[in-house]
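**Student:** Below is the structure, and that's it, no one-letter string:
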């Protein structure tokens, strides 16, 4: 299940997108840190979804920047 779908990302403002991107980056760091320490993530698919959502946000930000 996607954290944010593409249509939701496109409806958000630039400031909201940048804020969400920072939030997701922090969450990704926490998940990766937990793995590095030797723990197991509660939801292994969560990392993949975080990375995909970050890519969606970066794509939309690039599109808005080019307009």
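**Tutor:** Right, received. Where do you want to start? The structure presented is a predicted model; accordingly, all values stated were derived computationally and were not measured. Numbers count the residues shown, from 1 in each chain.

**Student:** Can you tell me the element residue 41 falls in?
**Tutor:** Secondary structure assignment for residue 41, by DSSP states H and E: no helix or strand.

**Student:** out of everything not next to it in sequence, what's closest to the most centrally placed residue in the chain?
**Tutor:** Nearest to the geometric centre of the chain sits residue 54, at 3.2 Å (Cα atoms, centre = their mean). With Cβ to Cβ, 6 or more residues apart in numbering as the criterion, residue 54 has its nearest non-adjacent residue at 5.2 Å, and that residue is residue 24. From N, CA and C alone the C-beta is placed, and that goes for glycine too.

**Student:** what residues are up against that neighbour?
**Tutor:** Applying Cβ atoms under 8 Å, 6 or more residues apart in numbering to residue 24 gives the contacts 3, 50, 53-54, 57.

**Student:** For it, pull up the helix or strand it's in.
**Tutor:** Here residue 24 is assigned to helix 14-36, by DSSP H and E.

**Student:** For that helix, list every residue counted as buried.
**Tutor:** For helix 14-36, the neighbour count (16 or more other Cβ atoms under 10 Å) marks 17, 20-21, 24, 27-28, 31 as buried.

**Student:** of these, closest to residue 39?
**Tutor:** Within the buried residues of helix 14-36, the smallest distance to residue 39 is 9.9 Å, found for residue 31 (Cβ to Cβ).

**Student:** Now that the closest one has come up, it's in contact with residue 41, right?
**Tutor:** Yes: using Cβ atoms under 8 Å, residue 31 is in contact with residue 41, at 5.6 Å.

**Student:** residues bridging contact with those two, i.e. touching both?
**Tutor:** residue 47.

**Student:** sorry, back to before: need the max-distance pair from the contacts of residue 24.
**Tutor:** Taking Cβ to Cβ as the measure, the contacts of residue 24 span a maximum distance of 10.7 Å, between 50 and 57.

**Student:** Where does residue 47 sit, in terms of helix or strand?
**Tutor:** Counting by DSSP H and E, residue 47 is found in helix 45-66.
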